[in-house]
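Student: Output the structure for:
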Amino acid sequence: MAEEKEHRVIQDDEIDLIELAKTIWAGRRFIAKVTAVFAIIGLVIAFTSPVEYEASCKLLPESQEKQMANLGGLAGLAGLAGVDLSSMGAAGSGVLTPQLYPEIVNSLPFILEVMNDTVYFEQLDLRTTSFHYFKEIAKPSLLGYAVKYTIGLPGQIKQLIIEESELKENKSPFYRLTKEDWKTIENFKERLSIEIKAETGIIEVLVEMPDPYAAAQIAKKIELMVTEAVIEYKTDKSLKNLEFILETYQESKAEFEAIQLRLAHATDRNKNVTSATAQIELKKIEYEYDIAFGVYKGLSSQVEQARIQLREETPVFTVLEPVRVPADKIKPKRAIILSIMIFLGFSTGALIKAIGK
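Tutor: Numbers count the residues shown, from 1 in each chain. This is a model prediction of the structure:
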């Protein structure tokens, strides 16, 4: 009985599929028309969508362990000068892992600096900022216009009403931007990407722009800004320490040289003098000289140690793949758009015929 029931279910399914195929075949002209309409829409979208290019570069930051190994020779030389590097590894100014680099790129100060940098748009023969380009020059696609003036129409009307009040002079120490500016910034953020390969530690910077030369310029700008930001973060404490020690060293050097000159003059004056007072004065100057020389020598050693520590903490980035001007566009993928629209058209037509059967 169970086998008969199962056989009947399979037979019913086969009958349903045959009926569906007959329905589709009977309505093939209607389905073809619907598919053709969707295909035309797909062609319009594919050929009116803005063209995009992607520029990239790959960086490899040198590991902390490798930097310490490279300083092995310096450690021996520093030891001869009385400089101890054994504790320098624990005195780092901060830990900034590559996993935090995307946060740096997406921070508002970073984005605004990139967007306010002048870029040459080769296809337009125009030099302007990315901020001005996307706010005033770039035009949305046909689909973008349709969305903007249908679904987004209420927002456009509201923006016109409040725009004047939002554009007042900003005297606040905080960032104050209009909603349109924030939208421009958020859209620009989506064009930037920084990927970290966990296995190798390779950092890849990706930039998408409507102009290939502009894409390459912004990718190079981000490469330089990321490396500078990381170097500044990791060496900030050591650099300030070196500056402080150098300032103190210069003061002690000037004081030591002044006492050294006093001692020379006192020695010359008291060459043939046997007066106890003169001898006491000379010994006093010699005592001051010994103290000043000890301070001067100690600070000299600290300056060398601070310089080596700064070098040890300065990260090194190797450019594995430099920025190139992209030759091929990455968007729009016209074949994929057309294929999706044809499939949607066929499915819609078949569904309509199946429901209306």
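
Student: From residue 332, how far out is residue 231?
Tutor: 39 Å (Cβ to Cβ, to the nearest Å). To be clear about C-beta, it is placed using only N, CA and C from the backbone, and glycine gets the same treatment.

Student: swap that for residue 47, sorry
Tutor: Residue 47 is 8 Å from residue 332, by Cβ to Cβ.

Student: Show me which of these two is the more surrounded one.
Tutor: residue 332 (17 against 13; other Cβ atoms under 10 Å).

Student: was I right about that one contacting residue 49?
Tutor: Yes: contact criterion Cβ atoms under 8 Å: residue 332 and residue 49 qualify, at 3.9 Å.

Student: give me the low-pLDDT residue ranges for this structure?
Tutor: 1-17, 20, 63-96, 140-173, 273-274, 356-357 (pLDDT under 70).

Student: can you map out the helices along it?
Tutor: 2-26, 28-48, 64-70, 72-80, 101-106, 108-115, 130-132, 142-148, 153-166, 179-189, 212-269, 276-313, 334-355 (DSSP state H).

Student: which of those helices is buried the deepest?
Tutor: Stretch with highest mean neighbour count among the helices of the chain: helix 130-132 (a mean of 19; mean count of other Cβ atoms under 10 Å).

Student: can you list contacts of the longest strand belonging to the chain?
Tutor: Criterion DSSP state E: the longest strand present in the chain is strand 52-61. Here strand 52-61 makes contact (Cβ atoms under 8 Å, 6 or more residues apart in numbering) with 98, 200-212, 215-216, 218-220, 223, 226-227, 230, 315-326, 328-332.

Student: what pairs with that strand, and is each one parallel or antiparallel?
Tutor: Its sheet considered, strand 52-61 pairs with strand 203-209 (antiparallel), strand 317-321 (antiparallel), strand 329-331 (antiparallel) by DSSP bridges.

Student: Of the ones you listed, which stretch is the most buried?
Tutor: Sorting the strands paired with strand 52-61 by mean neighbours (by mean count of other Cβ under 10 Å), the first place falls to strand 203-209, with a mean of 22.

Student: List of residues touching it?
Tutor: 52-61, 98, 101, 130, 191-197, 215, 218-219, 222-223, 226, 330-331.

Student: Just want the most central residue of this structure.
Tutor: residue 105 (3.1 Å; Cα atoms, centre = their mean).

Student: Wait, it touches residue 194, no?
Tutor: Yes: counting by Cβ under 8 Å, residue 194 is a contact partner of residue 105 at 5.0 Å.

Student: shared neighbours of the two, anything?
Tutor: 222, 226.

Student: Dump stretch 244-263 to PDB, keeping only the CA atoms.
Tutor: Coordinates of each C-alpha in stretch 244-263 appear next as PDB, following Å, rounded to 0.1, in the frame of the first residue of the first chain:
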ATOM      1  CA  PHE A 244      63.300  65.900  25.700                       C
ATOM      2  CA  ILE A 245      66.700  64.200  26.200                       C
ATOM      3  CA  LEU A 246      68.300  66.100  23.300                       C
ATOM      4  CA  GLU A 247      67.100  69.400  24.900                       C
ATOM      5  CA  THR A 248      68.500  68.400  28.300                       C
ATOM      6  CA  TYR A 249      71.700  67.200  26.600                       C
ATOM      7  CA  GLN A 250      72.300  70.500  24.900                       C
ATOM      8  CA  GLU A 251      71.800  72.300  28.200                       C
ATOM      9  CA  SER A 252      74.300  70.000  30.000                       C
ATOM     10  CA  LYS A 253      76.700  70.300  27.100                       C
ATOM     11  CA  ALA A 254      76.700  74.100  27.300                       C
ATOM     12  CA  GLU A 255      77.000  74.000  31.100                       C
ATOM     13  CA  PHE A 256      79.900  71.500  30.800                       C
ATOM     14  CA  GLU A 257      81.800  73.600  28.200                       C
ATOM     15  CA  ALA A 258      81.300  76.700  30.400                       C
ATOM     16  CA  ILE A 259      82.800  75.000  33.400                       C
ATOM     17  CA  GLN A 260      85.500  73.500  31.300                       C
ATOM     18  CA  LEU A 261      86.500  77.000  30.100                       C
ATOM     19  CA  ARG A 262      86.400  78.300  33.800                       C
ATOM     20  CA  LEU A 263      88.700  75.400  34.800                       C
END
